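Novice: give me a model of this one.
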Amino acid sequence: MASGTYQMNTESAKALSIQMNKAMDTYELGIQMMNKALTTLASEWTGKFAESFINNMTPFLKKAQSDCVQARAWKQQLDKQVAEQEELSNRAVAN
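Specialist: Residues are numbered from 1 along each chain as shown. Here you go, the predicted model:
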């Protein structure tokens with residue numbers, strides 16, 4: 001029974017990993033689009049509002065990019081641990 005429970009957890013972790021990849025890809029695409037929009041605005045807008053908006057959004061987008069990089073690193077570590085546990089489980093079943 002423990003093996004069946006572990007297998008279910010491994011499969012759940014794999015499914016979560018796929019969903020996390022999709023979410024992070026979408027998040028990164030959003031960041032890229034916002035960066036492109038800010039670049040366009042910076043070339044077309046003038047005045048204090050435009051300057052303030054761009055100055056306030058730029059650090060937010062940089063932080064979002066940094067958070068995404070950290071999340072991907074964490075997810076890669078999780079994927080590695082799941083793969084290692086699965087390999088150990090497969091070896092135990094084979095023996």
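
Novice: so where do the helices sit in the protein?
Specialist: Assigned by DSSP state H, the chain shows helices spanning 2-44, 48-94.

Novice: and the angle from the longest one to helix 2-44?
Specialist: Regarding helix 48-94 and helix 2-44, their directions subtend 160 degrees when assessed with axes from the mean of the first three to the mean of the last three C-alpha atoms, to 10 degrees.

Novice: now helix 48-94: average pLDDT?
Specialist: Mean pLDDT, helix 48-94: 86.

Novice: do the same with stretch 26-36
Specialist: Here the average pLDDT along stretch 26-36 is 91.

Novice: buried sites along it?
Specialist: In terms of neighbour count (16 or more other C-beta atoms under 10 Å), stretch 26-36 has its buried residues at Ile31, Asn35. All C-beta spots, glycine's among them, are computed from the backbone N, C-alpha and C.

Novice: can you show me the CA trace of it as PDB?
Specialist: Listed next in PDB are the C-alpha coordinates belonging to stretch 26-36 (Å, rounded to 0.1, in the frame of the first residue of the first chain):
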ATOM      1  CA  THR A  26       2.200  32.600 -18.900                       C
ATOM      2  CA  TYR A  27       3.600  34.800 -16.100                       C
ATOM      3  CA  GLU A  28       6.800  35.400 -18.000                       C
ATOM      4  CA  LEU A  29       4.900  36.200 -21.200                       C
ATOM      5  CA  GLY A  30       2.900  38.800 -19.200                       C
ATOM      6  CA  ILE A  31       6.100  40.300 -17.900                       C
ATOM      7  CA  GLN A  32       7.600  40.500 -21.400                       C
ATOM      8  CA  MET A  33       4.400  42.100 -22.700                       C
ATOM      9  CA  MET A  34       4.400  44.700 -19.900                       C
ATOM     10  CA  ASN A  35       8.100  45.500 -20.600                       C
ATOM     11  CA  LYS A  36       7.300  46.000 -24.200                       C
END
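
Novice: for it, what is the distance to the chain centroid?
Specialist: In terms of C-alpha atoms, centre = their mean, to the nearest Å, the centre of stretch 26-36 is set 13 Å apart from its chain centre.

Novice: tell me how far Leu38 lies from Arg91.
Specialist: 51 Å (C-beta to C-beta, to the nearest Å).
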